[in-house]
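> need a 3D model of the following:
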Amino acid sequence: MKYFYFTAVLYTTLLMGCKKEEEQINDLCLYKLESTLQTNDSLQKELLKTQEEIGLLQEKLEIARQLTEAE
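Residues are numbered from 1 along each chain as shown. From the prediction side, this is the model:
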């Protein structure tokens, strides 16, 4: 009978420990996911800004070519 109680207590303790570790792992994964999403959002904004700058530079280059050809 003692063996049964010991086994039950040990099993419950291990199960609770596993659940706590699982929650910690889930929290860490959620944090990493949110961090990655924020990084992706920042990179997308930076990419759009860079693309706009490239567009403006291409327009300036085209104007400079046209002025050069007109001379």
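
> look up which helix or strand the most centrally placed residue in the chain falls in, please.
Centroid-nearest residue in the chain: residue 36, 0.8 Å away (criterion: Cα atoms, centre = their mean). Following DSSP states H and E, one finds residue 36 within helix 2-70.

> and that helix, what's its mean pLDDT?
Averaging pLDDT along helix 2-70 gives 90.

> which secondary structure elements does that helix contact?
Applying 3 or more Cβ pairs under 8 Å, 6 or more residues apart in numbering; DSSP states H and E, we find helix 2-70 packed against no helix or strand. (C-beta placed from N, C-alpha, C; glycine too.)

> quick check: residue 16 vs residue 32, distance?
Residue 16 is 25 Å from residue 32, where distance means Cβ to Cβ, to the nearest Å.

> for residue 63, what are its contacts?
For residue 63, no contacting residues are found, by Cβ atoms under 8 Å, 6 or more residues apart in numbering.

> before we move on, what about residue 57?
Per Cβ under 8 Å, 6+ apart, neighbours of residue 57: none.

> next, count neighbours for residue 51.
10 (other Cβ atoms under 10 Å).

> how many neighbours does residue 43 have?
10.

> residue 8 now?
Residue 8, neighbours per other Cβ under 10 Å, totals 10.

> could I get the CA-only coordinates of stretch 41-51 as PDB?
Provided in PDB are the C-alpha atoms of stretch 41-51 (Å, rounded to 0.1, in the frame of the first residue of the first chain):
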ATOM      1  CA  ASP A  41       7.500  44.100 -39.400                       C
ATOM      2  CA  SER A  42      10.500  46.400 -38.900                       C
ATOM      3  CA  LEU A  43      12.300  44.900 -41.800                       C
ATOM      4  CA  GLN A  44       9.300  45.200 -44.000                       C
ATOM      5  CA  LYS A  45       9.000  48.900 -43.200                       C
ATOM      6  CA  GLU A  46      12.700  49.400 -43.800                       C
ATOM      7  CA  LEU A  47      12.400  47.600 -47.100                       C
ATOM      8  CA  LEU A  48       9.500  49.800 -48.200                       C
ATOM      9  CA  LYS A  49      11.500  52.900 -47.300                       C
ATOM     10  CA  THR A  50      14.500  51.600 -49.200                       C
ATOM     11  CA  GLN A  51      12.400  50.800 -52.300                       C
END
